[in-house]
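> give me the fold of what follows.
(one chain, ligands or ions: 2)
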Amino acid sequence: MFAKIKSVGLFGIESYMIDIEADVTGGLPAFDIVGLPDTSVRESRDRVRSAIKNCGFKFPTGRITVNLAPADKKKQGAVYDLPILLAILKASKQINFSFDNSIFLGELSLDGKIRPVNGILAMTITARQNNMEEIFVPYENSTEASVVDGITVYGISTVKELLNHLSGESKIEKTVFKNSKSHSALDFLDFSEVKGQLAAKKALEVAAAGGHNILLIGPPGSGKSMLAKRLPTILPEMTFEESIETTKIHSVAGILNNDSPLITRRPFRSPHHSVSLVGLTGGGSIPKPGEISLAHNGILFLDELPEFKRDAMEALRQPIEDGVITVSRASGSVTYPSSVMLVAAMNPCPCGMYGHPTKPCTCSKTMVSKYLNRISGPMLDRIDLHVEVPPVDYESLSSSSSEETSAEIRARVNKARQIQINRYKGTGVTSNSRLTPKMLREFCVLTDDASKYLNRCFDELGLSARAYDRILKVSRTIADLNSNEKIEKSHVLSAIRFRTLDRKYFTE
Ligand SMILES: Nc1ncnc2c1ncn2[C@@H]1O[C@H](COP(=O)(O)OP(=O)(O)O)[C@@H](O)[C@H]1O
Ligand SMILES: [Mg+2]
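Ligands and ions are numbered 1, 2, ... in the order given. Model (predicted):
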């Protein structure tokens, strides 16, 4: 007898519908799973066999063939345990329900409990897109699935509970979405705690408004880490689409918080400099997204940038530019989104005092240049804003003058970002940092004055074509913060200042 159950598969963060077919015939006892399963799926056999017995059913004695269709897609993980069990029970006529518009997924324990799996959000979205009416997921994953509108979600803890629900004996409650506002360390940070540092604060405001990459450079203790950690408090709000995209990645990585399954705050990831290449970019034998993808639509903060391994830094260049990262593995390549704002901080030399106004630097010239050269030219080139963070003097630190709050700065950032979203509607671009060369020409219109000035600087400073584009983008953001449709000379002037600092430290 033959039976079919619907489920959903996942590869990377892409998800697709799967039919799980079971056929039970007479003959010598055998249990095969076909349809490109990997070893983790083949192990389902043992779990399903035990779970069937331990739930009081009979494991069929004949020949059992389970097919996972479509057969050309590689299947991975333990999510198909539950649908395989149901298909076998149905094919051996031990249950008799019709499941045409229901999706089942979950890992089984030997005694018939249902265990959580990763990637539920992406899978539920796929189920919804394929007009499925209801989805049965492990209880622990149910709040995450409930984020998706238009499909009924049931969280189940055991096979028994599920079967009782299906037979109508005792119904399980639907899971209804509610996102309780979770508190994070972020709630207690504010820009008003940072005294002085007006130039650095302004630069961070520009970076937040346009989504630009930024490098903070200055001696130890000048407040670079302190400033960077407060950047999330002034970022523009996430759009709903951005929330879903980021949540999907965290769901696949299995690091979602059950109380607030939908990520509504831009992520701030700050991997330590000892992070491995795979930890940063993603991959591994069971592929997982790396830090750069977990930071999607938010910030990737690399503190003490020169301490990061060279290969890790180099591997970030392409995904920072493209907003996606592809990791290759033996069984095919996986692509994860990685649209991040890169924020980096560094001391200018090993002792940290190079360029310090009062303290002497004890490093030799070669030591300084060796240190700075750990950051490659192409990497530097991808950072739009280079900002010097000088040490704060005692007077500013101890002054009681009140500083601007994060809320005040964020209001300006939100306004500037809204201007960008409206201007680029329909193009897929939402911030100035992602403008294509063609869009740059269309949307970055300069006043005559500004244009003449930029041309002059271009000649005098010998700027590269890439630097020119970046200056235009940053000028666009500064103009947006000032609500100017045309870019003026003063905007260009500020933007150039953010690009020329590297000349003080780095030689091109
Ligand atoms: N502008 C500032 N206003 C208030 N406190 C500051 C400021 N700059 C530095 N500090 C204090 O100094 C500490 C060290 O700053 P930190 O951000 O770690 O420096 P860096 O990362 O540049 O080495 C901070 O935790 C903070 O207590
Ligand atoms: Mg620091």
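> please name the residues that touch Pro271.
Contacts for Pro271 (CB atoms under 8 Å, 6 or more residues apart in numbering) come out as 279-280, 291, 300, 302. For glycine as for every other residue, the C-beta is placed from the backbone atoms N, C-alpha and C.
> Glu144: which of the residues you listed is nearest?
Nearest to Glu144 among these is Glu291, at 21.1 Å by CB to CB.
> what about stretch 208-216, how long is it end to end?
14 Å (CA to CA, to the nearest Å).
> how about stretch 90-97?
8 Å.
> what does stretch 423-443 give?
8 Å.
> returning to what we had before: looking at the contacts of Pro271, which are in helices?
Under the assignment DSSP state H, these contribute 279-280, 291 to helices.
> which one is the residue in the stretch 401-508 of the chain positioned nearest to ligand 1 nearest to, not counting chain neighbours?
Distances between the stretch 401-508 of the chain and ligand 1 by CB to the nearest ligand atom are smallest at Glu403, namely 8.5 Å. Closest residue to Glu403 apart from its sequence neighbours, by CB to CB, 6 or more residues apart in numbering: Ser192 at 4.4 Å.
> neighbours around that neighbour, how many?
16 (other CB atoms under 10 Å).
> let me see the contact set for it.
402-406.
> just those residues: which are in helices?
Per DSSP H, the contacts of Ser192 map to helices at Ser406.
> could you single out the nearest of the contacts of Ser192 to Ser40?
Nearest to Ser40 among the contacts of Ser192: Ser406, at 45.0 Å, using CB to CB.
> per-residue pLDDT, that closest one?
In this model, Ser406 is scored at 94, pLDDT.
> what are the phi and psi values for the residue in the stretch 51-200 of the chain that ligand 1 sits nearest to?
Residue nearest to ligand 1 within the stretch 51-200 of the chain (CB to the nearest ligand atom): Lys195, separated by 3.7 Å. With angles defined as degrees, to the nearest 10, Lys195 sits at phi -80, psi 140.
> same check, this time on Val24
According to degrees, to the nearest 10, Val24 has phi -120, psi 120.
> just to revisit the earlier point, report the buried members of the ones in helices among the contacts of Pro271.
279-280, 291 (16 or more other CB atoms under 10 Å).
> which pLDDT value goes with Thr358?
Value for Thr358, per-residue pLDDT: 84.
> gap between it and ligand 1?
16 Å (CB to the nearest ligand atom, to the nearest Å).
> and Gly283, by the same measure?
Gly283 is 30 Å from ligand 1, by CB to the nearest ligand atom.
> that residue contacts Thr326, correct?
No - taking contacts as CB atoms under 8 Å, Gly283 lies outside contact range of Thr326: 9.7 Å.
> what do the two both touch?
Taking CB under 8 Å, 6+ apart as the contact rule, Gly283 and Thr326 both touch Val334.
> who's more crowded, those two?
Under the criterion of other CB under 10 Å, the comparison of Gly283 against Thr326 puts Gly283 first, with 22 against 16.
> which residues touch the more buried one?
290, 327-329, 334.
> quick check, nearest of the residues you listed to Ser40?
Within the contacts of Gly283, the smallest distance to Ser40 is 14.3 Å, found for Arg329 (CB to CB).
> just checking, the closest one touches Gly282?
No - under the criterion of CB under 8 Å, Arg329 is not in contact with Gly282, lying 10.3 Å apart.
> between these two, tell me which one has more neighbours.
Gly282 (27 against 12).
> pLDDT wise, what is the more buried one at?
The score at Gly282 is 91. That number is its pLDDT.
> gap between it and Lys288?
Separation of Gly282 from Lys288 (CB to CB, to the nearest Å): 6 Å.
> next: Glu404.
Distance from Glu404 to Lys288, counting by CB to CB: 40 Å.
> now do Pro232
23 Å.
> not counting residues beside it along the chain, what's closest to the residue of the stretch 251-400 of the chain at minimum distance from ligand 1?
Nearest to ligand 1, among the residues of the stretch 251-400 of the chain, is Val392, at 4.2 Å (CB to the nearest ligand atom). Closest residue to Val392 apart from its sequence neighbours, by CB to CB, 6+ apart: Gly196 at 4.9 Å.
> ok now do that neighbour, which residues does it touch?
Gly196 touches 392-393, 396-397, counting by CB under 8 Å, 6+ apart.
> nearest to Asn373 among these?
Nearest to Asn373 among the contacts of Gly196: Val392, at 28.4 Å, using CB to CB.
> number of residues surrounding that closest one?
Val392 has 17 nearby residues by other CB under 10 Å.
> got the contact list for the closest residue to ligand 1 within the stretch 201-350 of the chain?
In the stretch 201-350 of the chain, the residue that lies nearest ligand 1 is Gly223 (2.9 Å; CB to the nearest ligand atom). For Gly223, the contact set (CB under 8 Å, 6+ apart) comprises 194, 197, 200, 389, 392.
> tell me if the last one really is in a strand.
It stands for Val392. No - per DSSP: H, G, I helix; E, B strand; the rest coil, Val392 lies outside any strand segment and is coil.
> I'd guessed it sits against Lys195; true?
Yes - shown here, Val392 and Lys195 form a contact pair, counting by CB under 8 Å, at 6.1 Å.
> pull the number of nearby residues for Pro437.
Each residue near Pro437 was counted by other CB under 10 Å, and the total is 9.
> just checking, it touches Tyr468?
No - between Pro437 and Tyr468 there is no contact under CB under 8 Å: 10.6 Å.
> convert the strand or helix carrying Met379 to CSV, retaining C-alpha atoms only.
Assessed by DSSP states H and E, Met379 sits inside helix 377-381. C-alpha atoms of helix 377-381 as CSV (Å, rounded to 0.1, in the frame of the first residue of the first chain):
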residue,chain,number,x,y,z
GLY,A,377,44.5,48.4,0.0
PRO,A,378,41.4,46.7,-1.5
MET,A,379,39.9,46.3,2.0
LEU,A,380,40.5,50.0,2.9
ASP,A,381,39.0,50.9,-0.4
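> packing partners for that helix?
helix 310-322 (3 or more CB pairs under 8 Å, 6 or more residues apart in numbering; DSSP states H and E).
> what about the helix it packs on, distance to the chain center?
Centre-to-centre, helix 310-322 and its host chain are 15 Å apart (CA atoms, centre = their mean, to the nearest Å).
> so where's the stretch 251-400 of the chain uncertain?
331 (pLDDT under 70).
> go with 80
Residues of the stretch 251-400 of the chain that meet the criterion pLDDT under 80 lie in 258-260, 285-286, 329-332, 355, 393-400.
> for it, what lies in contact range of ligand 1?
Neighbours of ligand 1 within the stretch 251-400 of the chain, by CB under 6 Å from any ligand atom: 392, 397.
> okay, now Ser490: neighbour count?
Neighbour count of Ser490, defined by other CB under 10 Å: 16.
> so what pLDDT did it get?
Note for Ser490: predicted pLDDT of 94.
> who are the packing partners of whichever strand or helix holds it?
Using DSSP H and E, Ser490 sits within helix 489-500. Using 3+ CB pairs under 8 Å, 6+ apart, the elements in contact with helix 489-500 are helix 198-210, strand 385-388, helix 448-461, helix 465-481.
> list the buried ones in that helix?
Those would be 489-492, 494-499, for helix 489-500 by 16+ other CB under 10 Å.
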